[in-house]
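S.K.: sequence-free structure coming up:
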């Protein structure tokens, strides 16, 4: 009887488990037990397999906890003197930012700026890949102002893959950064109307018109002077290259010094980078940021609604109801953060109500078809587009949602309801003519007890049956019994019984 509940609960728990794993993978915190890495086998400035472990100068490692910066570090130069080595340079912080700019992401950037200012960093690099912002223009303008007023140098790197994009309002952060770079193949653009901050306006110069409604690749942006980058390299493929690009830059009243030459034991001189400290969203922040993604908010809402309807029609409040309520809360939170169309939400709710009508009778009919139509329309038009991003659900998510709902309300839910209101010892066809009692008032619908089972029952509106009164079964419609009172039944039921 609980197969549908188990399936839907498992799906919800799988989603939650995925969120937890994503958060743990993205969080650079509490790596006290992480193994040490030899810089010879790990590129300088690259995140290691052990979350929270960062690599700076050759042979130096450090662990970080969000909000605390470096908690432990060791450095060893090639010449063994430690004087004038990369270990003597002020560190560089890196904040990894991906997905839509929501309140969680904006707050994490503000905290990263404050952390870098108080932890002795000489620069903060934002590793970005974002398709737009869901926060207001005022919030983004405030963030632009905070980057512009920061006492530490700001670098922005579009990465880590060639498929990375920075579209919409987040792309306007480029105008106030000290060094900006991109991975070859990545793009920026669709900035929209420029933001105003501190009495100024974001200005991309001659490229403003192109970026406002279009996008640029690395080569196009560099040729147009959009990127602030002195290196001659074609593209900036890694964080290490980005750290090197900061070296010698005049920014915020100081000259950045991120790379030094060290004399090795073999007499050769090797360029090594300063210590790089990676930071990411904490577990809770990553959870809420993921929940606020378009696909996850949609799936949480759909799963939650299905579980609540299931729990309602199985006449109990249990695990399915609890998990459904949690999923609905997550889904509503995501919808509140995203640019949803109100009429699409109404269509999804109406679809669930339409499904519930046929679930009540236990047979998919007209309302199931109407519910599927409303559900598809609501899913397709759910989100409003952002500049450079239509924000429409992916085909995989859309198919998973629609097919899952169809299987639930055409196959799964009716079977569960029939199981709930029937027992193996009670027949079906020969029940016509059987007598029983009303377990509650039937006017025109209610619950009847026939034999040892409780059934959903319906009577003629002209002949309501009171609680405890006797009744007779005259027909069966799916899992709903057509009944009449033992005394004083309406003529139409008598005629029906005589025909049967």
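M.R.: Received, thanks. Just so we're clear, the structure is a prediction, and the values are computed from it rather than from any experiment.

S.K.: Not counting its own residues, what contacts the helix or strand hosting residue 403?
M.R.: Taking DSSP states H and E as the definition, one finds residue 403 inside helix 395-407. By CB atoms under 8 Å, 6 or more residues apart in numbering, the surrounding residues in contact with helix 395-407 are 294-295, 298-299, 302, 306, 351, 355, 372, 375-376, 379-380, 393. C-beta: built from backbone N, CA, C; applies to glycine.

S.K.: Identify each buried residue in that helix, please.
M.R.: 397-398, 400-402, 404-406 (16 or more other CB atoms under 10 Å).

S.K.: Closest one to residue 93 out of the residues you listed, please.
M.R.: Each of the buried residues of helix 395-407 was checked against residue 93 using CB to CB; the closest is residue 397, at 34.5 Å.

S.K.: out of the contacts of helix 395-407, what pair is the most spread apart?
M.R.: Every pair of those checked by CB to CB; the farthest is 294 and 355, at 22.9 Å.

S.K.: what ranges do the helices span in the stretch 251-400 of the chain?
M.R.: 283-291, 294-313, 319-337, 342-361, 366-380, 395-407 (DSSP state H, counting those that start in this stretch).

S.K.: Could you identify which of those helices is most buried?
M.R.: helix 294-313 (a mean of 23; mean count of other CB atoms under 10 Å).

S.K.: Show me what that helix is packed up against.
M.R.: Helix 294-313 sits against helix 3-26, helix 283-291, helix 319-337, helix 342-361, helix 395-407, helix 413-420, with contacts defined as 3 or more CB pairs under 8 Å, 6 or more residues apart in numbering; DSSP states H and E.

S.K.: Where among those is average confidence lowest?
M.R.: Ranked on mean pLDDT, the bottom entry among the helices and strands packed on helix 294-313 is helix 3-26, at a mean of 45.

S.K.: Just the buried positions in stretch 120-140, please.
M.R.: 121-135, 139-140.

S.K.: now do the same end-to-end measure for that stretch.
M.R.: The straight-line separation of the ends of stretch 120-140 (CA to CA, to the nearest Å) is 26 Å.

S.K.: Next: stretch 171-179.
M.R.: Using CA to CA, the two ends of stretch 171-179 sit 14 Å apart.

S.K.: residues contacting the residue lying closest to residue 292 once chain neighbours are set aside?
M.R.: Nearest residue to residue 292, sequence neighbours excluded (CB to CB, 6 or more residues apart in numbering): residue 337, at 4.0 Å. Shown in contact with residue 337 (CB under 8 Å, 6+ apart): 102-103, 134, 292, 297.

S.K.: Apply 6 Å and report the result again.
M.R.: 102, 134, 292 (CB atoms under 6 Å, 6 or more residues apart in numbering).

S.K.: next one: residue 271
M.R.: 259, 261.

S.K.: Now do it against residue 261, distance only.
M.R.: 6 Å (CB to CB, to the nearest Å).

S.K.: ditto for residue 204
M.R.: 36 Å.

S.K.: ok, the two, which is more surrounded?
M.R.: residue 204 (23 against 11; other CB atoms under 10 Å).

S.K.: For that one, what are phi and psi?
M.R.: Backbone torsions of residue 204, given as degrees, to the nearest 10, read phi -110, psi 20.

S.K.: next one: residue 154
M.R.: phi -110, psi 130.

S.K.: Touching, it and residue 144? I think so.
M.R.: No - using CB atoms under 6 Å, residue 154 is not in contact with residue 144; the gap is 10.7 Å.

S.K.: And the contacts of stretch 118-126?
M.R.: 69, 90-95, 97, 116, 152-157, 242, 246, 256.

S.K.: So which of those residues are in strands?
M.R.: 69, 92-95, 97, 153-157 (DSSP state E).

S.K.: Who does the closest residue to residue 179 other than its chain neighbours form a beta bridge with?
M.R.: Nearest residue to residue 179, sequence neighbours excluded (CB to CB, 6+ apart): residue 155, at 4.3 Å. With DSSP bridges applied, residue 155 shows beta-bridge pairing to residue 125, residue 179.

S.K.: now the one 10 residues further on
M.R.: For residue 165, the beta-bridge partners are residue 187 (DSSP bridges).

S.K.: so how far is residue 439 from the closest residue in space to residue 194 that isn't next to it in sequence?
M.R.: Excluding its sequence neighbours, the residue lying closest to residue 194 (CB to CB, 6+ apart) is residue 202, at 4.2 Å. The spacing between residue 202 and residue 439, counted by CB to CB, is 69 Å.

S.K.: go on, residue 446?
M.R.: 7 Å.

S.K.: Looking at those two, which is more packed in?
M.R.: residue 446 (20 against 16).

S.K.: Remind me what the one helix or strand the more buried one maps to packs against, helices and strands.
M.R.: Using DSSP H and E, residue 446 sits in strand 445-450. Using 3 or more CB pairs under 6 Å, 6 or more residues apart in numbering; DSSP states H and E, the elements in contact with strand 445-450 are strand 435-438, strand 453-458.

S.K.: Check the offset of it from the chain's centre.
M.R.: 45 Å (CA atoms, centre = their mean, to the nearest Å).

S.K.: ditto for stretch 438-456
M.R.: 45 Å.

S.K.: likewise stretch 165-173?
M.R.: That offset, for stretch 165-173, works out to 19 Å (CA atoms, centre = their mean).

S.K.: hang on, residue 170 packs against residue 102?
M.R.: No - assessed by CB under 6 Å, residue 170 is found out of contact with residue 102, at 11.1 Å.

S.K.: any idea which helix or strand carries residue 484?
M.R.: Secondary structure (DSSP H and E) places residue 484 in strand 480-485.

S.K.: oh, I was asking about residue 163
M.R.: Residue 163 belongs to no helix or strand, assigned by DSSP H and E.

S.K.: Pull up the gap between it and residue 118, please.
M.R.: Applying CB to CB, the value for residue 163 to residue 118 is 35 Å.

S.K.: and what of residue 343?
M.R.: Counting by CB to CB, the gap from residue 343 to residue 118 is 47 Å.

S.K.: go on, residue 357?
M.R.: 60 Å.

S.K.: just residue 356 next, same as before
M.R.: Relative to residue 118, residue 356 is positioned 55 Å away (CB to CB).

S.K.: residues in contact with residue 159?
M.R.: 127, 183.

S.K.: typo on my end, residue 388
M.R.: 167-168, 190.

S.K.: Kindly state the domain boundaries assigned to this structure.
M.R.: As assigned by automatic domain parsing, the chain contains the domains 3-284, 285-420, 429-499.

S.K.: per-stretch mean pLDDT over the ones you listed, give me the minimum one.
M.R.: domain 3-284 (a mean of 74).

S.K.: if we can go back for a sec, now for the residue nearest to residue 194, how many residues are close by?
M.R.: Neighbours around residue 202, by other CB under 10 Å: 22.

S.K.: All set now, cheers.
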